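My questions concern the predicted model and sequence given below.
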Amino acid sequence: MVYCGKPSPACGRCRTRRLKCDQGSPSCTQCMRAQVDCPGYRDPLDWNFRDQSEDVIRKSQQPARKKRIAATSTSRSSISTSSVQTVTPPRNSLVYPVQELGKAHIFAKYMSGGPCGGHMSYLLPLMKGTRNSPVLTAMAAVGLAAMSNIRLSPRMMLQARKEYTAALSQTNHALRDPVLSKRDDTLAAVVLLSMFEIMACSDDSFIDRWIKHMDGAKEIIEHRGSDQLTRQEGLGLFTNLRAQISISQIYQEKYSSPTMTQLTEDAKQYRDPDDRMVDDVGRVVIQFTNLCAAIKDGSITQPSEIIRRTMSLDTDLMSILLTASPSWGYKTIKVPLVDGEPVTRTVWGDVYHVYRNLSVSGVWNNARSARLLIHEMLLGAVKSLEHSSPGSSGLLQQQLIASQSIAHQLVDDICASVPFHLGMDMDDTYDWQSSNQNADSVSCSVASQLPEYTSTDRISSLETVAAHLGASLPNTNMINSETHYPWPLPPSFEVSGAGGVTLVWPLLIAANSGFASPQLRKWIISCLEKIGHSMGINQALAMAQLLQDGMDSRAWISPDASPSHGTTQ
């Protein structure tokens, strides 16, 4: 403690004006003479204890600042007198905590706006005032895992796993609390923890951990009740998780709960009328999940009953899609062919689709994937009925041909969404867009509809880190890697993780459906590999390997699944 002289016992006014104070009570003579209220005297104990932290910090920094100034002057003089040129780091070269890098990656690639919109923008409000929440720790874990895969950095993955362990512990603690377990940020942490499994998987065992996260998420959603749907964050979390839970239950052939069905119906009243098709599609997918479970446990065995139910489900889905709001439409862009082949490997065939945002394309691909699985089941039942009744009506043959045609089209439509999901810049003008004469779908503007939360300090800091990292992130441009094409290339693809993570399951279902040609399967494998390497999504690489090995996608969940052989014609 520094000695600063004997403290004055005078009143506050006399000390300020440096007057001689007689320390009278209740007022000193100087204050009485000036006819003012005497401010009183300090506690003697306060004279002996004084907080000098700021003074110490200020004084300790002064020599360092002088040394930096001197060093700068010396370096400048040496540069001017030396003929050797030295490379100095850029002025904006900043060092950020590794956790901030991970969070900034998730913010930039999954939450913020862009040509395709923010897939997880509902997380933005949950970042305010949640310093001790598992959300931020889980964000860091997921972001670092993705970045470690992109940069091939085992050290960064080690840090990601540390953050994951911490986030998992925080989340489990929150789930044991009856109040915290119902909070949106707790459920958001579960979403992010499941994303970590998607990013960090190194073999097919990740699916078991992912399924456990989905089973846990289902229980949390049911525990939270319909109150969660009254908030935009809760509604967004419910929508995201319902799609993943449905995939998990379809592949496990497990029944969906009545609570999930009721929540799906309740969610419609809290959405904009134009967006209620999201829940209508979710309702039909849940019904298909229950059909898969009923067939597995033997509740439904007759092929005729399976045909009836699958046709009813497909009719419901078609009705929902055909009556959707124009804002849920998409535009079909024609692509010229050169020697019968598309001008770029990123586009399969001669068309690709443009959607309003990733939410719209995600719902369409979920519906297509469900319809594809429905028609696979329908075709299996038709063939079984034909085998058991050789003299069956010709209507069965017509249904067989119709279902095969629909399934092939669904596969093509999923593949046509790939350019949009991988971030083709639709603002660029390209020659082939003038050939879009026959687009019969609704043209939708590609714009972000994110709420403005950028005024908060935490989000602003993530924007700063994300913007600064923009120049240093590895080039993930997919098209520019195709250098062997002699003709002009289409607009560049700015890859965003959100587009990839929402695309991997539809691509796997399309490739494994039996309606993809060997060439198309190779193209899908290539897409999955590029998603994995350029976006750091290891799940995509695991799926690509699964397809290369000729295994059925159910092999991840059921060891008895047989390898896929050929295609269904």
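Cool, got the structure. Numbering: from 1, shown residues only.

so the residue lying closest to residue 311 once chain neighbours are set aside is in which element?
Nearest non-adjacent residue to residue 311, counting by CB to CB, 6 or more residues apart in numbering: residue 378, 6.7 Å away. From N, CA and C alone the C-beta is placed, and that goes for glycine too. Secondary structure from DSSP states H and E places residue 378 in helix 358-388.

what's the answer for residue 299, then?
Here residue 299 is assigned to no helix or strand, by DSSP H and E.

Residue 264 now?
Going by DSSP H and E, residue 264 is part of helix 258-267.

Mind giving me the packing neighbours of that helix?
helix 206-224, helix 232-252, helix 277-296 (3 or more CB pairs under 8 Å, 6 or more residues apart in numbering; DSSP states H and E).

can you list those in TSV and add mean neighbour count, mean pLDDT and distance to residue 106?
Output for the helices and strands packed on helix 258-267, formatted as TSV (neighbours: other CB atoms under 10 Å; pLDDT from 0 to 100; distance: least, CB to CB, whole Å):
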stretch	mean neighbour count	mean pLDDT	distance to residue 106
helix 206-224	18	87	17
helix 232-252	22	92	14
helix 277-296	21	96	23
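
got a markdown table for those, with distance to residue 195 too?
Below are these laid out as a markdown table (distance: least, CB to CB, whole Å):
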| stretch | distance to residue 195 |
| --- | --- |
| helix 206-224 | 9 |
| helix 232-252 | 10 |
| helix 277-296 | 20 |
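
do you know which of the ones you listed lies nearest residue 534?
For residue 534, the closest of the helices and strands packed on helix 258-267 is helix 206-224, at 19.6 Å, according to CB to CB.

Could you list the alpha-carbon positions for that closest one in CSV?
Extracted in CSV, the C-alpha atoms of helix 206-224 (Å, rounded to 0.1, in the frame of the first residue of the first chain):
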residue,chain,number,x,y,z
PHE,A,206,-21.8,-41.8,-33.9
ILE,A,207,-25.3,-42.7,-34.9
ASP,A,208,-25.9,-44.3,-31.5
ARG,A,209,-24.9,-41.2,-29.7
TRP,A,210,-27.0,-39.0,-32.1
ILE,A,211,-30.1,-41.3,-31.5
LYS,A,212,-29.6,-40.9,-27.7
HIS,A,213,-29.6,-37.1,-28.1
MET,A,214,-32.8,-37.3,-30.2
ASP,A,215,-34.5,-39.6,-27.7
GLY,A,216,-33.5,-37.2,-24.9
ALA,A,217,-34.7,-34.2,-27.0
LYS,A,218,-38.1,-35.9,-27.5
GLU,A,219,-38.5,-36.3,-23.8
ILE,A,220,-37.6,-32.6,-23.2
ILE,A,221,-40.0,-31.4,-25.8
GLU,A,222,-42.8,-33.4,-24.4
HIS,A,223,-42.0,-32.2,-20.8
ARG,A,224,-42.0,-28.6,-22.0
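
Show me what it is packed against.
Counting by 3+ CB pairs under 8 Å, 6+ apart, helix 206-224 packs on helix 184-200, helix 232-252, helix 258-267, helix 538-548.

quick one: contacts of it?
175, 181-182, 186-187, 190-191, 193-194, 197-198, 200-201, 228, 234, 238, 241-242, 244-245, 248, 252, 257, 259-260, 263, 538-539, 542, 556-557 (CB atoms under 8 Å, 6 or more residues apart in numbering).

Give the next helix or strand downstream of the helix or strand bottoming out on mean pLDDT in the chain.
Least confident helix or strand, the chain: helix 457-469 with a mean of 48, by mean pLDDT, DSSP states H and E. The element immediately downstream of helix 457-469 (helix or strand, assigned by DSSP H and E) is helix 497-501.

chain center to that next one: distance?
In terms of CA atoms, centre = their mean, to the nearest Å, the centre of helix 497-501 is found 7 Å from the chain centre.

same thing with stretch 210-225?
18 Å.

do the same with stretch 241-257
Distance, centroid of stretch 241-257 to centroid of chain: 19 Å (CA atoms, centre = their mean).

What backbone torsions are found at residue 231?
Main-chain dihedrals, residue 231, degrees, to the nearest 10: phi -110, psi 140.

That one contacts residue 184, correct?
Yes: between residue 231 and residue 184 there is a contact under CB atoms under 8 Å: 6.6 Å.

higher neighbour count, those two?
residue 184 (24 against 15; other CB atoms under 10 Å).

Show the contacting residues for that one.
126, 228, 231, 233, 234, 237.

So the nearest residue to it once chain neighbours are set aside versus residue 151, what's the distance?
Distances taken as CB to CB, 6+ apart place residue 233 nearest to residue 184, at 4.6 Å, with adjacent residues excluded. Plainly put, residue 233 is 31 Å away from residue 151 if you go by CB to CB, to the nearest Å.

which stretches of the stretch 51-200 of the chain aren't confidently modelled?
For the stretch 51-200 of the chain, residues meeting the criterion pLDDT under 70 lie at 51-96, 113-118, 129-131.

What segments of it are helices?
53-81, 98-106, 134-151, 154-175, 184-200 (DSSP state H, counting those that start in this stretch).

starting at the chain centroid, how far to the last one?
Averaging C-alpha coordinates over helix 184-200 and over its chain gives two centres that are 10 Å apart (CA atoms, centre = their mean).

low-scoring pLDDT stretches of the stretch 351-500 of the chain, where are they?
Looking along the stretch 351-500 of the chain with the criterion set at pLDDT under 70, you get 389-393, 424-496.

If we use 90, what do you get?
351, 355-359, 383-401, 420-500 (pLDDT under 90).

Show me which residues of stretch 26-33 are buried.
Buried positions in stretch 26-33, judged by neighbour count with 16 or more other CB atoms under 10 Å: 27, 28, 30, 31.

Pop the domain breakdown of this structure in here.
1-52, 302-426+492-555 (the TED database).

Now tabulate these in CSV and tack on distance to residue 110.
As requested, those are exported to CSV (distance: least, CB to CB, whole Å):
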stretch, distance to residue 110
domain 1-52, 44
domain 302-426+492-555, 5
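
between those, which gets nearest to residue 140?
Per CB to CB, nearest to residue 140 of the domains of the chain: domain 302-426+492-555, 14.2 Å.

what separates that closest one from the chain centre, distance-wise?
Centre to centre, stretch against its chain (CA atoms, centre = their mean), the figure for domain 302-426+492-555 is 21 Å.

Quick check on the residue nearest to residue 511 when sequence neighbours are not counted: phi, psi?
Once flanking residues are discounted, residue 511 sits nearest to residue 524: 4.2 Å by CB to CB, 6+ apart. Here is the backbone geometry of residue 524 (degrees, to the nearest 10): phi -70, psi -40.

what's the neighbour count on residue 524?
Residue 524 has 25 nearby residues by other CB under 10 Å.

Would you quantify the distance from it to residue 290?
Applying CB to CB to residue 524 and residue 290 gives a distance of 29 Å.

again, but for residue 330
Taken as CB to CB, the span from residue 330 to residue 290 is 29 Å.

repeat for residue 269
On the measure of CB to CB, residue 269 and residue 290 end up 23 Å apart.

same deal with residue 382?
From residue 382 to residue 290 the distance is 21 Å (CB to CB).

Over to residue 165?
36 Å.

Check residue 423 too.
36 Å.

and if you look at residue 368?
On the measure of CB to CB, residue 368 and residue 290 end up 20 Å apart.

cool, residue 33 as well?
Residue 33 is 92 Å from residue 290, by CB to CB.

do residue 187 as well
Taken as CB to CB, the span from residue 187 to residue 290 is 24 Å.

swap in residue 241?
18 Å.

And residue 98, by the same measure?
Taken as CB to CB, the span from residue 98 to residue 290 is 45 Å.

again with residue 280
Counting by CB to CB - residue 280 and residue 290 are separated by 16 Å.

Backbone dihedrals for residue 333, please?
phi -110, psi 130.
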